[in-house]
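1. Got a predicted structure plus its sequence, pasted below:
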Amino acid sequence: MRALRLPGWKSEPELVEVAEPTAGPGQVVVRIGGAGACHSDLHLMHDFEAGTVPWNPPFTLGHENAGWVHDLGAGVTGLEVGQPVAVYGPWGCGTCARCRVGVDPYCENPAAAPVPGGGGGLGLDGGMAEYELVPDARHVVPLPEGLDPLHAAPLTDAGLTPYHAIRRSWHKLPPGSTAVVIGVGGLGHVGVQILKATTAARVIAVDTRPEALKLAEEYGADLTLVSGEATAQEIRGATPGGRGADVVLDFVGADATLRLGAAAARTVGDLTIVGIAGGTLPVSFFSVPYEVSIQTTYWGSRPELIEVLDLGARGLVRPKTTTFSLDEAVDAYRKLQDGSVEGRAVIVP
Ligand SMILES: [Zn+2]
Ligand SMILES: [Zn+2]
C-alpha cells in the first residue's frame, strides 16, 4: 500500500510503498476514510530534532484518523469488519490511573505504551496510508449514526483538542460570559463551533487573516477582530463594564498571542494555551489579572471523543474540510504552511 512517511527529522514527507499491516491479537486494522493534516505535523517536519520527543522517524504521518474496520485480531470483540470508526489518537499504557479513565495523553507509565508519549502518526505509523494498524482495540471508537469517516477524522484532534480545552472551563462560561478564540485555523474554527454548541458565552474570534474571520463568523462568532495593537482593548470594550474575557483560548501560543490573552482576560478568568508555537509569558503578581488561571492543554480523553462525535453526528459541530488525495498530500502540507487551507485539510486515500 502507499503511505506518506516522514523519513527523518528536518525533512519533507515522502509518498512510498510499504507493506499492508495485519492485525495481531487484540489489534485492529482500519481502512482509512480520512486523515487530517495537522499544523503540528509541520513542527514535526521542520522544528523537531533528536531528543525533542521520546521517539524518532521514520513513521507514517497522520494522527487524526477515521475509516472502516478492515481486519480484527484474535480476541477482539464488539467490532465488525466494515463498521465505520474513529481512531482515538493518543496511545498510553492502558493500565495506569490516567489511561483507565481514558486520559491517555497524560499516561503515567509511558514506558509501557506502544510508543512513549505518542501514537499513530506520532512515532508509530499513522493514517496517511490506505490502512492503519491500531495496536489496541480500545482506541477504536464506533461512529454514531449520521457521521461518516471523512467528517469524523478531524473531530479526533481538531475537534477533541478544543473540546477538552473548552470543557474544562465550562464552569466559567455561564450566560453573560465572554470567550475569546485566538487563531481561527484548523482547531480554532472548530473551537468557535464547540463554544456555540455547548455554552451560552459570547464568542469573540481573533486572527490576522480576514478570510479566517469570515469562517469564524459563518460558524457563529458574535464578534471578529483583526489582531493588532488595540485588540486587547477592543475585546475589553466588547465585554460588560470593560471587565474582559472570562475564558481566552490561544490556538497559536506565540509571545504576542499570549500577551494579548493575558491583557484581555477577566479577573478569575482562564487563559488556556492550546497552540504549540512555544511562546512565553512572564507571570508575576502584578503582570496578570488576579486569579487568572494560565494553563496548557494537550488533546483530550476517550470519553470526550465520544461526546465530540455525538456533536458531529448531530450537526452541531462540523469542521470545514478541504480534501486531498494521497498524491496531493505533500501539497496539502505546503498549503497548510502558507495558511491557504480553509478549515481542515483531510487526506482521503
Ligand atoms: Zn494534531
Ligand atoms: Zn497509562
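-> Now that the structure is in, tell me what you want to look at. Please read all numbers here as calculations on a predicted model, not as lab measurements. Residues are numbered from 1 along each chain as shown. Ligands and ions are numbered 1, 2, ... in the order given.

2. Contact residues of this protein facing ligand 2?
-> Neighbours of ligand 2 within the chain, by C-beta under 5 Å from the ion: 92, 93, 96, 99, 107, 109. All C-beta spots, glycine's among them, are computed from the backbone N, C-alpha and C.

3. For the stretch 201-349 of the chain, which segments count as helices?
-> Ranges of helices in the stretch 201-349 of the chain, per DSSP state H, counting those that start in this stretch, are 210-218, 231-237, 255-264, 302-313, 329-337.

4. just the residues of the chain next to ligand 2 now: which is nearest residue 346?
-> Taking C-beta to C-beta as the measure, residue 92 is the one of the residues of the chain next to ligand 2 closest to residue 346, at 25.4 Å.

5. Return the residues in contact with residue 24.
-> Listed by C-beta atoms under 8 Å, 6 or more residues apart in numbering, the contact set of residue 24 reads 73, 74.

6. any idea how far it is from residue 152?
-> To residue 152, residue 24 is 25 Å away according to C-beta to C-beta, to the nearest Å.

7. now swap in residue 195 and tell me
-> 20 Å.

8. before we move on, what about residue 198?
-> Noted for residue 198: a distance of 18 Å to residue 152, by C-beta to C-beta.

9. quick one, which of the two is more surrounded?
-> Remark: of residue 198 and residue 152, residue 152 carries more neighbours, 29 against 17, as counted by other C-beta atoms under 10 Å.

10. and the helix or strand harbouring that one, what other elements does it pack with?
-> Using DSSP states H and E, residue 152 sits within helix 149-152. Helix 149-152 sits against strand 28-37, strand 65-72, strand 84-87, helix 302-313, strand 321-324, with contacts defined as 3 or more C-beta pairs under 8 Å, 6 or more residues apart in numbering; DSSP states H and E.

11. what does the longest one contact?
-> Which is helix 302-313. 86, 88, 101-104, 138-139, 141, 143-147, 151-152, 155-156, 159-160, 163-164, 167, 194, 197-198, 300, 317-318.

12. Mind checking which of those residues are buried?
-> 86, 88, 102-104, 138-139, 141, 143-144, 147, 151-152, 155-156, 159-160, 163-164, 167, 194, 197-198, 300, 317-318 (16 or more other C-beta atoms under 10 Å).

13. So which of those residues are in strands?
-> Among the buried ones among the contacts of helix 302-313, the members falling in strands (DSSP state E) are 86, 141.

14. pLDDT value on the residue of the chain positioned farthest from its centre, please?
-> What lies farthest from the middle of the chain is residue 241; by C-alpha atoms, centre = their mean that is 33.8 Å. Listed pLDDT for residue 241 reads 96.

15. From residue 176, how far off is it?
-> From residue 241 across to residue 176, the span is 11 Å (C-beta to C-beta).

16. isn't residue 176 right next to residue 240, touching?
-> Yes - look at residue 176 against residue 240 with C-beta atoms under 8 Å: they come within range, at 7.2 Å.

17. Contact residues of the stretch 51-200 of the chain facing ligand 1?
-> Contact residues, the stretch 51-200 of the chain versus ligand 1 (C-beta under 5 Å from the ion): residue 157.

18. okay but residue 4 is in contact with residue 329, surely?
-> Yes - Residue 4 is in contact with residue 329 according to C-beta under 8 Å; the separation is 4.8 Å.

19. Wait, residue 154 touches residue 318, no?
-> No - in this structure, residue 154 is not within contact of residue 318 by C-beta under 8 Å, at 9.3 Å.

20. what sits against the closest residue to residue 177 other than its chain neighbours?
-> Excluding the flanking residues, the one nearest residue 177 by C-beta to C-beta, 6 or more residues apart in numbering is residue 246, at 4.1 Å. By C-beta under 8 Å, 6+ apart, the contact list for residue 246 reads 169, 172, 173, 177, 178, 179, 201, 266, 269, 270.

21. tell me the pLDDT at residue 246?
-> Reading off the confidence values, residue 246 has pLDDT 98.

22. For residue 243, list the residues it contacts.
-> Residue 243 neighbours (C-beta under 8 Å, 6+ apart): 236, 266, 267.

23. Okay then, goodbye and thanks.
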